[in-house]
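Undergrad: Sequence and predicted structure, then a few things I'm wondering about:
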Amino acid sequence: MSARLSVEDLAFGYGERVVGAGVGFSVAAGEVLCLLGPNGGGKTTLFKTLLGLLPPRGGRVRVDGEDTAGWSPRRRALAFGYVPQAGAGQFPFTVREMVLMGRTAHRGAFSAPAASDHAAAEAALERLGIGHLAERDWLRISGGERQMALIARALAQAPRVLVLDEPTASLDFGNQVRVLEQVRRLADGEGGEGLTVVFSTHHPEQAFAIADRVALLHGGRLARFGTPEEVITAAMMREVYGTEVEVVAVGADGMRVCLPVGLKRAVRAQVR
Ligand SMILES: Nc1ncnc2c1ncn2[C@@H]1O[C@H](COP(=O)(O)OP(=O)(O)OP(=O)(O)O)[C@@H](O)[C@H]1O
């Protein structure tokens, strides 16, 4: 069951420190929103505020029109799946146990997992193609394998809105493509109802590849919101990142990519 996520005039930050304000957007069920913006721009802080891990400093977060302000942690866990930025964490569990933890909100922390919880965990492991890692120790797998397992955990949770913070950051090229395909499929639904997906990345190509909408967070403001083609332009990349790029359409389906202008020449000149 997916949901519309709406953010209204949201202000967010830590203690006295305001990171962003006046942020508003809406994502429909079955859509993918890509959050772009420079390092330290506030993407993770915005995500934590959406999820209720940080209290909003102003404004509202709504799921299907309902203000989430008074929601219990369990209610939030049933609505939102979260894949945080990859970190090892100190969990002495197997990958299967970690994925099964995604089911906690469905059964309560102190009751044993039911057959349906085990089935959801197995299905998520298979869907991400990591069934072979199920018995491996969480502390002894690679960063990329851990990232895939965190996505499986969020899937096992069966959320309505899935929030992924730089989900491809530590992945090799093949796994990046597989994760992006998977994220798009989750939004499309494939037989079932599609999820509402929000993800952040530093790679504009990923927005062109799978996003319906792009939100650009810059200087604590929502600087742009629109389709990838509307938001990701040479002028925007110059203004926000201070880089000259050419936005070109490539391949049979004309997907756009950002090519840095004169990068090879500049690097050669530096090396000399
Ligand atoms: N726990 C914290 N307490 C206080 N300030 C913080 C905390 N975590 C991050 N910040 C600050 O908040 C601002 C936004 O950080 P945030 O992690 O949200 O940015 P980001 O866009 O996710 O960055 P990146 O792309 O580098 O991951 C930064 O200036 C950062 O230094």
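TA: Here it is on my side, so go on. A quick note: this is a predicted structure, and the numbers were derived from the prediction, not measured.
Undergrad: and whichever strand or helix holds residue 9, which residues are buried?
TA: Per DSSP states H and E: residue 9 is located in strand 5-14. Buried positions in strand 5-14, judged by neighbour count with 16 or more other CB atoms under 10 Å: 5-8, 10-13. C-betas here are computed from N, CA, C, even on glycine.
Undergrad: Contact partners for the residue nearest the centre of the chain?
TA: For the chain, residue 164 is the residue whose C-alpha lies nearest the centre (CA atoms, centre = their mean; 2.0 Å). Neighbour list for residue 164: 82-83, 151, 154, 183, 197-200 [criterion: CB atoms under 8 Å, 6 or more residues apart in numbering].
Undergrad: For this structure, what lies in contact range of the ligand?
TA: Taking CB under 6 Å from any ligand atom as the contact definition, the chain meets the ligand at 14, 17, 19, 37, 39-45.
Undergrad: In CSV: the residues you listed, plus pLDDT.
TA: Putting the residues of the chain next to the ligand into CSV (pLDDT from 0 to 100) gives the following:
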residue, pLDDT
14, 95
17, 92
19, 96
37, 96
39, 93
40, 91
41, 90
42, 93
43, 94
44, 94
45, 95
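Undergrad: Mind checking which of those are in helices?
TA: Judged by DSSP state H, helices contain the following of those: 43-45.
Undergrad: Name the surrounding residues that touch stretch 188-200.
TA: Applying CB under 8 Å, 6+ apart, the external contacts of stretch 188-200 come out as 1-5, 27-37, 43-44, 47, 50, 159-167, 183, 186-187.
Undergrad: Filter those residues down to the buried ones and hand me the PyMOL line.
TA: Per 16+ other CB under 10 Å, the buried members of the contacts of stretch 188-200 correspond to this PyMOL selection:
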select buried, resi 2+3+4+5+27+28+29+30+31+32+33+34+35+36+37+43+44+47+50+159+160+161+162+163+164+165+166+167+183+186+187
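Undergrad: Domain parsing of this structure, as residue ranges.
TA: Listed domain ranges for the chain are 5-228, 233-272 (source: automatic domain parsing).
Undergrad: Return the distance of the longest helix along the chain from the chain's centre.
TA: Longest helix in the chain by number of residues (criterion: DSSP H): helix 173-188. Distance, stretch centre to chain centre, for helix 173-188: 11 Å (CA atoms, centre = their mean, to the nearest Å).
Undergrad: Tell me the helix or strand right after it.
TA: strand 196-200.
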